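[1] need a structure here:
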Amino acid sequence: MKAGYFTLVAALLMMFWVPAQAGVVVGGTRLIYDGAKKESALNISNPDAEPYLIQSWVDAQEGDSAKAPFIITPPLFRLDGGQNNLLRVVRAGGNLPSDRESLYWLNVKAIPSVEKKDNTLQIAIKTRIKLIYRPQGLSGNLEEAVGKLTWQRSGNALRVTNPSPYYLTFFQFKAQRQRCCRQHYGCAAGHRQFPAVCGGECRWKPQLANNQ
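    A predicted model of the protein is given here:
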């Protein structure tokens with residue numbers, strides 16, 4: 001089944017602000033690391049009056065035992081009220097594929113300050129966003145990648161094949177106007193299988209996050 005029925009949602013999610021804690025704001029829902037550049041940056045701001053301790057690191061995908069080949073500077077710092085800072089993500093080696101994107105996870109933990117005299121419970125909140133490494137010189141673009149998707153249904157499962165080098169993230173599926181799957185999945189130059197229930201002949205309409 002070709003992707004002629006599919007809708008790419010240009011939600012411009014990169015422009016949204018994601019709260020990591022009550023007073024800390026992470027400037028994006030994902031970070032695209034351009035392989036042609038030496039680093040990528042993510043803004044962290046604190047509109048609150050209280051300071052926070054910010055800790056950041058990068059993880060590999062679940063099941064990958066290799067250490068993520070990225071470092072963040074500064075990895076640990078104090079962010080005072082009304083201030084902002086840039087997290088700089090730098091590639092530190094690693095044998096990453098040059099013909100497709102690679103997915104990692106960028107973690108930001110915000111730890112609120114507590115007065116020593118206060119007998120209170122200190123709670124740290126962690127935000128995790130996608131870090132997508134995009135090698136230099138990839139062919140095509142995301143819109144073309146969506147058009148190349150193929151789909152195959154088997155019972156209550158839906159298999160999607162993405163032959164493009166771009167990592168596509170699906171956040172909702174609809175079949176005949178009914179939502180049948182609402183989870184986050186993604187793949188680049190490969191395939192994934194989704195649990196999706198739909199009776200009879202279906203025309204699938206997925207909605208995808210914008211990874212521009």
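
[2] just for this structure, where's the confidence low?
    Filtered on pLDDT under 70, the chain yields the residue ranges 1-22, 116-121, 171-185, 196-212.

[3] Can you tell me which residue is spatially central in it?
    Nearest to the geometric centre of the chain sits Lys130, at 2.5 Å (CA atoms, centre = their mean).

[4] got a list of what that one touches?
    Thr29, Arg30, Leu31, Leu103, Tyr104, Trp105, Leu106, Thr169, Asn211 (CB atoms under 8 Å, 6 or more residues apart in numbering). Every residue, glycine included, has its C-beta placed from N, CA and C.

[5] and if we set it to 6 Å?
    Arg30 (CB atoms under 6 Å, 6 or more residues apart in numbering).

[6] Could you measure from it over to Leu31?
    For Lys130, the distance to Leu31 equals 7 Å [CB to CB, to the nearest Å].

[7] Show me this structure divided up by domain.
    Domain assignment for the chain, taken from the TED database, gives 25-134, 142-207.

[8] Report the beta-bridge partners for the residue nearest to the centre of the chain.
    Arg30, Trp105 (DSSP bridges).

[9] From His191, how far out is it?
    Distance of Lys130 to His191, given as CB to CB: 19 Å.

[10] Next: Glu115.
    Glu115 is 53 Å from His191, by CB to CB.

[11] now swap in Gly63 and tell me
    Taken as CB to CB, the span from Gly63 to His191 is 16 Å.

[12] The two: which has the busier surroundings?
    Using other CB atoms under 10 Å, the more surrounded residue of Gly63 and His191 is His191, with 12 against 5.

[13] what's near enough to touch the more buried one?
    His191 touches Thr161, counting by CB under 6 Å, 6+ apart.

[14] Spell out which helix or strand contains it, please.
    strand 190-195 (DSSP states H and E).

[15] Mind listing the strands that strand pairs with, and their directions?
    Strand 190-195 is paired, per DSSP bridges, with strand 157-162 (antiparallel).

[16] in the strand it pairs with, what's buried?
    Leu158, Val160, Asn162 (16 or more other CB atoms under 10 Å).

[17] ok, now stretch 88-100?
    Under 16+ other CB under 10 Å, the buried positions of stretch 88-100 are Val89, Arg91, Leu96, Arg100.

[18] Narrow those to those in strands?
    Within the buried residues of stretch 88-100, residues falling in strands by DSSP state E are Val89, Arg91.

[19] From Pro163, how far out is the closest residue to Trp57 other than its chain neighbours?
    Among residues not flanking Trp57 along the chain, Asn107 sits closest, at 5.4 Å (CB to CB, 6 or more residues apart in numbering). Asn107 sits 31 Å away from Pro163, going by CB to CB.

[20] I'd guess Ala145 is in a strand, am I close?
    No: applying DSSP: H, G, I helix; E, B strand; the rest coil, one finds Ala145 to be helix, outside a strand.

[21] residue contacts, it?
    Ser164, Tyr166.
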